[in-house]
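K.L.:
structural data only, the sequence is not supplied:
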Ligand SMILES: CCCCCCCC/C=C\CCCCCCCC(=O)N[C@@H](COP(=O)(O)O)[C@H](O)/C=C/CCCCCCCCCCCCC
């Protein structure tokens, strides 16, 4: 499906030509032929989601700020002299572990390692997968705030302190209704949105699972 040219959000320059489908394409590109996760495309996927979130209003600012700062930390690694070690999640894990660049048990000299930073986004990817699935199967009168909160409670919430959970809960209540949400995605009719979600979900799920298995294998799922 081609993207529509209408703008569904505030008329900021970065909102022009926005199309949610393009943003999810980046996650598809992040899967290499040998099923490694290419960090540059993974971050482009997240960046697109943050752009989308920014269109939904300032109330989500604290969420998009946190995601953006994590994207930036990883981009800095990619652009550093060791950038080639950060080509895939697999190469990053190998490089950082072999060079003792990860605080494994408690925050120490590497509080912002690539591994711990990507883990935060990875946990959020599970929320995204659950939210997209709820959206895809929702009825016309389904409430995005409830779908979002349910997906959050089933995934990310367990990693957040009370104050963040409360703030997130308040923000979710400000989400637009299902139809306006679909409009903001700028994909087309509700049927076309649902079809697009059906295509996007297996990709998001695969990227999530590959990263999950890798982190589990190296015992990295609880990095401080
Ligand atoms: C068709 C579906 C459209 C979906 C559109 C999704 C747009 C989502 C865009 C970005 C998602 C934000 C990802 C948030 C990453 C959070 C990482 C995290 O857990 N950070 C916490 C821990 O970090 P450290 O302190 O250990 O460095 C940090 O404390 C979090 C702070 C901010 C609050 C995070 C709340 C997350 C809620 C996720 C749901 C987003 C709701 C979007 C509604 C469409």
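P.N.:
Arrived safely, thanks for sending. As the structure is a computational prediction, the values presented were derived from the model and not from experiment.
K.L.:
what about the longest helix in the protein?
P.N.:
Taking DSSP state H as the criterion, the chain has its longest helix at helix 190-217.
K.L.:
for it, give the mean pLDDT please.
P.N.:
Averaging pLDDT along helix 190-217 gives 96.
K.L.:
is that helix anywhere near the ligand?
P.N.:
No. Helix 190-217 is not in contact with the ligand by Cβ under 6 Å from any ligand atom; minimum separation 6.6 Å. Where you see a C-beta, it was placed from the backbone N, CA and C, and this is true even at glycine.
K.L.:
elements contacting that helix?
P.N.:
The contact analysis (3 or more Cβ pairs under 8 Å, 6 or more residues apart in numbering; DSSP states H and E) places helix 190-217 against helix 20-29, helix 89-98, helix 114-136, helix 178-185.
K.L.:
quick one: it to chain centroid distance?
P.N.:
On the basis of Cα atoms, centre = their mean, to the nearest Å, helix 190-217 sits 11 Å off its chain's mean C-alpha point.
K.L.:
export the helices and strands packed on helix 190-217 to TSV and tack on mean neighbour count and mean pLDDT?
P.N.:
Formatted as TSV, the helices and strands packed on helix 190-217 follow (neighbours: other Cβ atoms under 10 Å; pLDDT from 0 to 100):
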stretch	mean neighbour count	mean pLDDT
helix 20-29	19	86
helix 89-98	18	98
helix 114-136	20	98
helix 178-185	19	93
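K.L.:
of all the ones you listed, which one comes closest to the ligand?
P.N.:
Closest to the ligand of those, according to Cβ to the nearest ligand atom: helix 114-136, at 3.8 Å.
K.L.:
continuing past the closest one, what's the next helix or strand?
P.N.:
Using DSSP states H and E, the helix or strand that follows helix 114-136 in sequence is helix 144-154.
K.L.:
close to the ligand, is the helix or strand following that next one?
P.N.:
Of the helices and strands lying after helix 144-154 in sequence (DSSP H and E), the nearest is helix 162-173. Yes. Using Cβ under 6 Å from any ligand atom, helix 162-173 reaches the ligand at 164, 168.
K.L.:
mind listing what's buried in helix 162-173?
P.N.:
165, 168, 171, 172 (16 or more other Cβ atoms under 10 Å).
K.L.:
and if you look at stretch 37-56?
P.N.:
Residues of stretch 37-56 classed as buried by neighbour count (16+ other Cβ under 10 Å): 37-56.
K.L.:
and residue 33, how many neighbours?
P.N.:
Neighbourhood size, residue 33 [other Cβ atoms under 10 Å]: 5.
K.L.:
distance from the chain centre to the host helix or strand of residue 46, please.
P.N.:
In this structure, residue 46 sits in helix 39-55 according to DSSP H and E. Distance, stretch centre to chain centre, for helix 39-55: 7 Å (Cα atoms, centre = their mean).
K.L.:
next, the angle from it to helix 89-98.
P.N.:
Here the directions of helix 39-55 and helix 89-98 differ by 110 degrees (axes from the mean of the first three to the mean of the last three Cα atoms, to 10 degrees).
K.L.:
got the angle between the helix or strand immediately after helix 39-55 in the chain and helix 162-173?
P.N.:
Per DSSP H and E, the first helix or strand lying C-terminal to helix 39-55 is helix 61-78. On the basis of the same axes, to 10 degrees, helix 61-78 is oriented at 110 degrees to helix 162-173.
K.L.:
angle of helix 61-78 against helix 114-136?
P.N.:
130 degrees.
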